[in-house]
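Novice: kindly return the folded structure for what I paste below:
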Amino acid sequence: MSKRQLFRAASLFVFLYIIYILVIVAMPYGVRSAEVQAKESIQITDAVIAYNGESMPVTLPYSLKGLEIGTEVIVRMTVPDADFGYICVKSVYSPLNAKIEGVFDESYGQRGTYPDCMSNPPTFFKIIPVKEKISGKTLELRYEYPSAIEELYIYAPIYGSYMAIARKLGERTGIAYIAGIFMMVLGIAFIFASVIVMIFEKKGIVFFWLGCFCMSVGLWNFGESDVAWYIVDNFTAMYFCDYMGMFLLAPMLHQLVIEMVKFHHYKILRINTILSYLLLDAFVILQLTGKVMLSKSLDFYVYVVPYVLVCLIGMLVYEWLKYDNINAKRLLVPVVILIIAAAMEIINYCFGLSRSFSVAFQIGMIIFFGCVAMIGGSFIKDVIVLRNEEKAKENELKMLKIRIEHGKRRQETELKAKEEVRRQRHDLRHQLTVLKEMNESGQKEQLSKYLDELIDRTVVKNDVVYCENIAVNAVIGYYASAAEENEIDCSVKTVVPATLENITDSELCIIFGNMMENAIEACGRMKKGKKYLSIRSIIKFDKLVVTMDNSFEGKVKIVDKQYVSSKRNAIGIGLQSIKTVAEQHGGNATFENDGEVFHSSVYVKI
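Specialist: Numbers count the residues shown, from 1 in each chain. Coordinates of the predicted model:
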């Protein structure tokens, strides 16, 4: 399987994987829709709150601030006139007792139901089944003022059918749930794609960090969704999922930007990355030791994010203006979007403008990710183009060295011939004297023999001309000499015009050079049998056809219909180069083995 085929297969897998996950995620909503349309739910918003001997009417949701930790807060409300089967209650970092006299009395989030390292229970949802009519009765909720955050959130209970409650939660945070699932799936897909890309190109590490960044955003979105908390019956896991996803954003963002931009001066970013990891470790250690909850660490983290983003944009601007770095320029817009989103979120967090915390930053993150994904694709494309250009230059340099070596050998041959002529001229007088004496004395037989010796000694071997194309002739001559030195019988009959319009000399040299080089190496590994290579080329219609047969030891290794190099135990680069050049010029290349003979056939349009 070629690189292109492997990339297509990986892309198809990723696409089908994403579609599969989206279908799985969407199916429950489709199944619920029929029942949801038939039944409704009611949010109980009118309530009376009592604490410290005082009471007051409020409209839920509502938040209390400034109370002492552990203060009991009682919320009472009248159940509306309806006949539904469930009541949904939510508590944020506070134990909760829900009670309707004579119907149910349920307690949640009590000490022992969550890890000891947590000073308060995590956020949780509870669906309480109601088996009798409760219209007009009083629902009483008892909370304790938490230490994990600086206020007590009191959410309006939802009274309705099971599916109607699910829809109500979905209306509120369903988008975050779907976005979280999508981003996590996309993250896995990018990490998988990075493994495939890195087989051929080390720059594929960009996709790895992009995948990790997606996973962080996805975990955070998933943890912020009421739907996820409603579905997942492990609130401690959801708590860690939410905050770890959030706290991993800074180091993942640093790693991604560093790999994409390749800064000339990146020490500040490296230091920031290390500090981000250390900060994350500190948050986790403080949580596991029961000192500070992750929710409390967030108060500090919201001020770290702007510093990270300002450093990033400062380095990007410097890199762009100082070194004209195109990738730094490309990343400026998405990072600015992220800064605006972060600023909006901090304002919301500090002044409590909305209870939908992190929504602005999540939207900014998704926009940022979309921009970075497109930039990442352009980045990898640029890298692949640059790598192909480098390979082409390497091949040209290789062919140039061969031509230089061939020229040196030719020059050495000419120098030897000139030296031989000079010596012969020096000896010509003596030889003519000998010839005159033999002729005058009638020694015809000795004269004839002496003349034959002189003729043999004055024969100068001329360079063999293999074809009209000077560059290809030099390459063939070089490898023909190498074959002779290695005692390989070399037969060459080639027709290559001096100039061709549609293919360069360097590309022709790649074809002839790699074919002959591989053949000589294959013959060199033979321990018995006749070593030979035979290369032919002809012009047929508008195509140059090149064929070659060579002996080899008879052992080959084939992976995905491609021959594996004996030198590197990987797909042969020489054969790949020949095939690439042929395909670029409307042709093809085939390689086969028959017993102990290897057959190569290439054609290109000229």
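Novice: okay, residue 97 and residue 107: tell me how far apart.
Specialist: Using CB to CB, to the nearest Å, residue 97 is found at 5 Å from residue 107. All C-beta atoms are positioned from the backbone trio N, CA, C, and that covers glycine.
Novice: go on, residue 257?
Specialist: 48 Å.
Novice: just the CA atoms of the host helix or strand of residue 604, as CSV, please.
Specialist: Applying DSSP states H and E as the criterion places residue 604 in strand 597-605. The C-alpha trace of strand 597-605 is given here as CSV (Å, rounded to 0.1, in the frame of the first residue of the first chain):
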residue,chain,number,x,y,z
VAL,A,597,15.7,-12.6,-12.1
PHE,A,598,14.3,-9.2,-11.1
HIS,A,599,12.3,-7.3,-13.8
SER,A,600,11.8,-3.5,-13.8
SER,A,601,9.7,-1.7,-16.3
VAL,A,602,9.1,2.1,-16.5
TYR,A,603,7.4,4.3,-19.0
VAL,A,604,6.9,8.1,-19.1
LYS,A,605,5.2,10.5,-21.6
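Novice: partner strands of that strand, with direction?
Specialist: strand 543-551 (antiparallel), strand 588-594 (antiparallel) (DSSP bridges).
Novice: closest to residue 364 out of those?
Specialist: Proximity to residue 364 (CB to CB) singles out strand 588-594 among the strands paired with strand 597-605, at 49.7 Å.
Novice: contacting residues around the closest one?
Specialist: 552, 554, 556, 563, 575, 578-579, 582-583, 598-603 (CB atoms under 8 Å, 6 or more residues apart in numbering).
Novice: could you pick out the buried ones from the residues you listed?
Specialist: Buried members of those, scored by 16 or more other CB atoms under 10 Å, are 552, 563, 575, 578-579, 582, 598, 600-603.
Novice: who has more neighbours, residue 97 and residue 107?
Specialist: residue 97 (18 against 13; other CB atoms under 10 Å).
Novice: apart from its neighbours in sequence, what residue is nearest the more buried one?
Specialist: With sequence-adjacent residues excluded and distances taken as CB to CB, 6 or more residues apart in numbering, residue 97 is closest to residue 142, at 4.2 Å.
Novice: which strands or helices does the host helix or strand of the one you found pack on?
Specialist: For residue 142, the host element (DSSP H and E) is strand 138-144. Applying 3 or more CB pairs under 8 Å, 6 or more residues apart in numbering; DSSP states H and E, we find strand 138-144 packed against strand 72-78, strand 86-91, strand 96-100, strand 151-154.
Novice: and with 7 Å instead?
Specialist: On a contact count with 3 or more CB pairs under 7 Å, 6 or more residues apart in numbering; DSSP states H and E, strand 138-144 meets strand 72-78, strand 96-100.
Novice: quick one, that strand and strand 96-100 angle?
Specialist: 170 degrees (axes from the mean of the first three to the mean of the last three CA atoms, to 10 degrees).
Novice: show me which positions of strand 138-144 end up buried.
Specialist: 139-144.
Novice: which ones are touching residue 552?
Specialist: Contact analysis of residue 552 by CB atoms under 7 Å, 6 or more residues apart in numbering lists 522-523, 526, 596, 598.
Novice: now rank the residues you listed by neighbours and give me the top one.
Specialist: residue 523 (24 neighbours).
Novice: can you pull out the helices in the stretch 51-200 of the chain?
Specialist: For the stretch 51-200 of the chain, applying DSSP state H, counting those that start in this stretch gives helices covering 162-200.
Novice: same question for the stretch 301-450 of the chain.
Specialist: 326-351, 359-440, 444-458.
Novice: least reliable of those helices going by mean pLDDT?
Specialist: Note on the helices of the stretch 301-450 of the chain: lowest mean pLDDT is at helix 359-440, with a mean of 68.
Novice: with adjacent residues omitted, what lies nearest to residue 64?
Specialist: Closest to residue 64 by CB to CB, 6+ apart is residue 152, at 4.6 Å.
Novice: cool, residue 338 as well?
Specialist: residue 368 is the one closest to residue 338 (CB to CB, 6+ apart), at 4.8 Å.
Novice: correct me, but that neighbour touches residue 340?
Specialist: No - judged on CB atoms under 7 Å, residue 368 makes no contact with residue 340 at a distance of 10.4 Å.
Novice: who has more neighbours, these two?
Specialist: residue 368 (23 against 15).
Novice: got the contact list for the more buried one?
Specialist: 334, 337-338.
Novice: with residue 227 instead?
Specialist: 169-170, 173-174, 177.
Novice: okay, these in a markdown table with neighbour count next?
Specialist: As requested, the contacts of residue 227 are arranged in a markdown table below (neighbours: other CB atoms under 10 Å):
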| residue | neighbour count |
| --- | --- |
| 169 | 23 |
| 170 | 20 |
| 173 | 21 |
| 174 | 18 |
| 177 | 22 |
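Novice: from those, pick the one nearest residue 130.
Specialist: Set against residue 130, the nearest of these by CB to CB is residue 169 (17.9 Å).
Novice: tell me which residues are up against stretch 67-77.
Specialist: Applying CB under 7 Å, 6+ apart, the external contacts of stretch 67-77 come out as 44, 46-52, 64, 138-145, 147, 152, 154.
Novice: what is the nearest of the buried ones among the contacts of strand 588-594 to residue 118?
Specialist: residue 563 (60.2 Å).
Novice: surely the closest one is in contact with residue 575?
Specialist: Yes - between residue 563 and residue 575 there is a contact at 6.0 Å, judged by CB under 7 Å.
Novice: spit out the contact partners of the closest residue to residue 156 other than its chain neighbours.
Specialist: If the residues on either side of it in the chain are set aside, residue 156 comes closest to residue 60, at 3.8 Å by CB to CB, 6+ apart. Residues counted as contacts of residue 60 (CB under 7 Å, 6+ apart) are 45, 47, 154-156.
Novice: circling back to that earlier point, would you format the buried ones among the contacts of strand 588-594 as TSV with pLDDT and distance to residue 453 included?
Specialist: Conversion of the buried ones among the contacts of strand 588-594 to TSV gives the following (pLDDT from 0 to 100; distance: CB to CB, whole Å):
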residue	pLDDT	distance to residue 453
552	91	44
563	76	52
575	83	50
578	88	49
579	88	54
582	90	52
598	92	45
600	92	45
601	94	48
602	94	48
603	94	50
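Novice: so which pair among the residues you listed is furthest apart in space?
Specialist: 552 and 603 (22.6 Å).
Novice: which phi and psi does the residue with the largest distance to the centre of the chain have?
Specialist: Largest separation from the mean C-alpha position in the chain: residue 441, at 92.4 Å (CA atoms, centre = their mean). When read as degrees, to the nearest 10, the backbone of residue 441 gives phi -90, psi 0.
Novice: need the pLDDT of it.
Specialist: Value for residue 441, per-residue pLDDT: 79.
Novice: same question for residue 176.
Specialist: For residue 176, pLDDT reads 77.
Novice: same deal with the one 10 residues further on?
Specialist: Here the pLDDT value assigned to residue 186 is 84.
Novice: and the gap between it and residue 192?
Specialist: Using CB to CB, which is the criterion applied here, residue 186 is 11 Å from residue 192.
Novice: closest to residue 92 among the contacts of residue 60?
Specialist: residue 155 (7.7 Å).
Novice: my guess is the closest one contacts residue 90. True?
Specialist: Yes - Residue 155 is within contact range of residue 90, at 4.4 Å (criterion: CB under 7 Å).
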